[in-house]
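**Student:** Here is a sequence with its predicted model. Questions after.
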Amino acid sequence: MLCGPLCRILWLWPYLSYIEAVPIRKVQDDTKTLIKTIVTRINDISHMQSVSSKQRVAGLDFIPGLHPVLSLSKMDQTLAVYQQILASLPSRNVVQISNDLENLRDLLHLLASSKNCPLPRARGLETFESLGGVLEASLYSTEVVALSRLQASLQDMLRRLDLSPGC
């Protein structure tokens, strides 16, 4: 007997009907937990203990600060920039944080798609290649300022997630 694809689908139907989507509340909780984990990783880096996220360092204006309105798309864009900056640093301290940012961006995309507003994949800085000289001249300062501002941005994102941000 040649059953074909229809029989296979009918045979799998009982199993497929019991598959449930991940509740959006779980995704939001996982997002908050990952943000807290990243903030803890930043706190664990020894030279980050006495740094202010508001300090100004000449030439490092490309590192994002806090934004007054954080939508899911703006959060993703901000994280893409930080991810690009951290990936360019030679420090081993930031490798796991960079990986965590990628996972966090994936969770933000899930949250956005649950609100029927899928986010396009955000890019990092357009002019990042021209900043190579700044990065090479001040790797330590770049790392300290980037991690400090990232930490402040993540704490702000954590607060905003409770307010159910828009697209």
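**Tutor:** Received, thanks. These numbers come from a predicted model, not from an experiment.

**Student:** neighbouring contacts of stretch 104-111?
**Tutor:** Contacting residues not belonging to stretch 104-111 are listed as 22, 24, 27-28, 30-31, 34-35, 38, 72, 75-76, 79-80, 83, 118-119, 122 [Cβ atoms under 8 Å, 6 or more residues apart in numbering]. (Each C-beta comes from the backbone N, C-alpha and C, glycine too.)

**Student:** Buried residues, the longest helix anywhere in the chain. List them.
**Tutor:** Identified as the longest helix of the chain according to DSSP state H is helix 139-161. For helix 139-161, the buried set under the neighbour-count rule, 16 or more other Cβ atoms under 10 Å, comprises 141-154, 156-157, 160-161.

**Student:** could you say what helices and strands it packs with?
**Tutor:** helix 24-44, helix 72-88 (3 or more Cβ pairs under 8 Å, 6 or more residues apart in numbering; DSSP states H and E).

**Student:** For those, which has the smallest mean pLDDT value?
**Tutor:** Among those, helix 72-88 carries the lowest mean pLDDT, at a mean of 88.

**Student:** in the chain, which helix or strand is least confident?
**Tutor:** helix 132-137 (a mean of 54; mean pLDDT, DSSP states H and E).

**Student:** From L150, how far off is Q84?
**Tutor:** 12 Å (Cβ to Cβ, to the nearest Å).

**Student:** L72: what's it in contact with?
**Tutor:** 108, 111-112, 115, 117, 119, 165-167.

**Student:** same deal with D100?
**Tutor:** 34, 37-38, 41.

**Student:** if we go to 7 Å?
**Tutor:** 34, 37-38 (Cβ atoms under 7 Å, 6 or more residues apart in numbering).

**Student:** In which helix or strand does it reside?
**Tutor:** helix 95-114 (DSSP states H and E).

**Student:** Give the buried residues for that helix.
**Tutor:** 97-98, 100-101, 104-105, 107-112, 114.
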